[in-house]
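In: Provided below are the primary sequence and the corresponding predicted coordinates.
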Protein chains: 2
Amino acid sequence: MNASRSSAAVEDYLERILELINTKGYARVVDIATSLGISQASVTNMVQRLDAEALLKYEKYRGMVLTTAGETLARNIARRHQLLTDFLKLLGLDERVIEHDVEGMEHHISPSTLRAIEALTAQLKRRPALLARLSKQRGAVS
Amino acid sequence: MNASRSSAAVEDYLERILELINTKGYARVVDIATSLGISQASVTNMVQRLDAEALLKYEKYRGMVLTTAGETLARNIARRHQLLTDFLKLLGLDERVIEHDVEGMEHHISPSTLRAIEALTAQLKRRPALLARLSKQRGAVS
DNA sequence: TAATTAAGTTAGCCATGCCTAACTTGAACT
DNA sequence: AGTTCAAGTTAGGCATGGCTAACTTAATTA
């Protein structure tokens, strides 16, 4: 009934589930739990909720498949994550920092802001001199 | 005892409290509540917690003052907020979108990422041609 | 087929941060 | 001094999203 707004938690789950399906072909409760660093019980709970919200189809003890809505949403989330990561990489930041910051920020970026960052990233990629100056300016450290 | 990590909520409160003190000279529970769009009861609660965490000194029914630690923290939060806002403004985004996104993202940006964005902003300010191209590239709309 | 065990589920609990309703405090005015 | 009322506080509750402990399911293997 409620197709309102996905919470950060929902987005995190969908992102990992899609990733697992893409790499392993399926997403198990135990793998989602490990990947997110939380308990299996928490995953079971959320997966049942995602089923109720029609973002995936879940059969107890069996497995899950993303619905069309769920897959579309998950793809958008993954794309946003990738774009933000690319942008921060361009700025020469440390991998760990990038991962941490992207995981925090990604749930709060509007489509228009994302488009702007995407365009900026594209422009920056053509200006290595500018990027070099950036690194120098702040000490070349992440 | 616990100088660990501030939650997003704590940061939001400190930011508003500093702002109120800067503009009105003092921060009252009712003003903080209005400014954050939450109930007075919630504010009372948090203010007592911030007192316990030594980020401010609070006397019931009287008033509050930021401690040195609290003020330093608040200033850093405000600065981060300003830098992010400046950056997004440069990209030509809508004010509302900027406010929304900054409020969401600000709690998740590492110091190093902030420095990088600061340096990038400084460079971009000198390249209006690049910024113009950006707007054209994505349709000139926010 | 029976036993073992990894995977999954359920029940009940906790912290955070919000809420409303009801009560208290203190400032301001008569 | 007493009344009034805005500001502040307290109590109790709710949603989200975690947790552990105990139980169930199903796959594997002897």
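Out: Alright, I've got the coordinates. All figures in this text were calculated on a predicted structure; none of them were measured in a lab. Numbering: from 1, shown residues only, chains lettered A, B, ... in the order given.
In: please make it C-alpha for all contacts and neighbour counts, starting now.
Out: Fine.
In: report pLDDT for residue A:137.
Out: pLDDT, residue A:137: 61.
In: do residue A:115 as well
Out: 96.
In: how many neighbours does it have?
Out: Number of residues near residue A:115 (other C-alpha atoms under 10 Å in any protein chain shown) recorded here: 17.
In: now swap in residue A:46 and tell me
Out: Using other C-alpha under 10 Å as the criterion, the residues surrounding residue A:46 number 15.
In: now swap in the one 3 residues further on and tell me
Out: Residue neighbour count, defined by other C-alpha under 10 Å, stands at 15 for residue A:49.
In: return the residues of chain A in contact with chain B.
Out: A:88, A:91, A:93, A:97-98, A:100-101, A:104-110, A:112-113, A:115-116, A:119-120, A:123, A:130, A:134-135, A:137-138, A:142 (C-alpha under 8 Å from any C-alpha of the partner chain).
In: can you list the domains in chain A?
Out: Domain assignment for chain A by automatic domain parsing gives A:8-72, A:79-137.
In: make JSON lines out of these and add distance to residue B:39.
Out: Formatted as JSON lines, the domains of chain A follow (distance: least, C-alpha to C-alpha, whole Å):
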{"stretch": "domain A:8-72", "distance to residue B:39": "24"}
{"stretch": "domain A:79-137", "distance to residue B:39": "24"}
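In: could you pull out the strands in chain A for me?
Out: Ranges of strands in chain A, per DSSP state E, are A:56-59, A:63-66.
In: quick one on the thing from earlier: which of the domains of chain A sits closest to DNA strand D?
Out: For the domains of chain A, the distance to DNA strand D is smallest for domain A:8-72, at 3.3 Å, taking C-alpha to the nearest atom of the strand.
In: straight-line length of that closest one, end to end?
Out: One end of domain A:8-72 sits 16 Å from the other (C-alpha to C-alpha, to the nearest Å).
In: just give me the longest helix of chain A.
Out: What stands out as the longest helix in chain A, according to DSSP state H, is helix A:68-90.
In: got the contact list for it?
Out: If you take C-alpha atoms under 8 Å, 6 or more residues apart in numbering or on different chains as the criterion, helix A:68-90 is touched by A:11, A:14-15, A:18, A:54-56, A:95, A:98-99, A:102-103, A:106, A:114, A:117-118, A:121, A:124-125, A:131, B:113.
In: just the buried residues from those, in PyMOL please.
Out: Of these, the buried ones go into a single PyMOL selection, burial set by 16 or more other C-alpha atoms under 10 Å in any protein chain shown:
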select buried, (chain A and resi 11+14+15+18+54+55+56+98+102+103+106+114+117+118+121+124+131) or (chain B and resi 113)
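In: out of the contacts of helix A:68-90, which are inside helices?
Out: Among the contacts of helix A:68-90, the members found in helices (DSSP H) are A:11, A:14-15, A:18, A:95, A:98-99, A:102-103, A:114, A:117-118, A:121, A:124-125, A:131, B:113.
In: could you flag which of the residues of chain A next to chain B are buried?
Out: Counted by 16+ other C-alpha under 10 Å, these give A:88, A:91, A:93, A:97-98, A:101, A:104-109, A:112-113, A:115-116, A:119-120, A:123, A:134-135, A:142 as buried.
In: residue ranges with poor pLDDT in chain A?
Out: Scanning chain A for pLDDT under 70 picks out A:1-4, A:136-142.
In: at 90 instead, please
Out: Within chain A, the ranges that satisfy pLDDT under 90 run A:1-5, A:129-142.
In: and it, which residues reach DNA strand D?
Out: Counting by C-alpha under 7 Å from any atom of the strand, chain A comes close to DNA strand D at A:7-10, A:37-43, A:46, A:61-62.
In: among those residues, which ones are in helices?
Out: Using DSSP H, the residues of chain A next to DNA strand D in helices are A:8-10, A:40-43, A:46.
In: mind checking how far residue A:41 is from residue B:41?
Out: On the measure of C-alpha to C-alpha, residue A:41 and residue B:41 end up 34 Å apart.
In: check residue A:64 too.
Out: 43 Å.
In: these two: who's more crowded?
Out: Shown here are residue A:64 and residue B:41; by other C-alpha under 10 Å, residue A:64 has more neighbours (20 against 12).
In: pretty sure the more buried one is touching residue A:55, no?
Out: No: look at residue A:64 against residue A:55 with C-alpha atoms under 8 Å: they stay out of range, at 10.2 Å.
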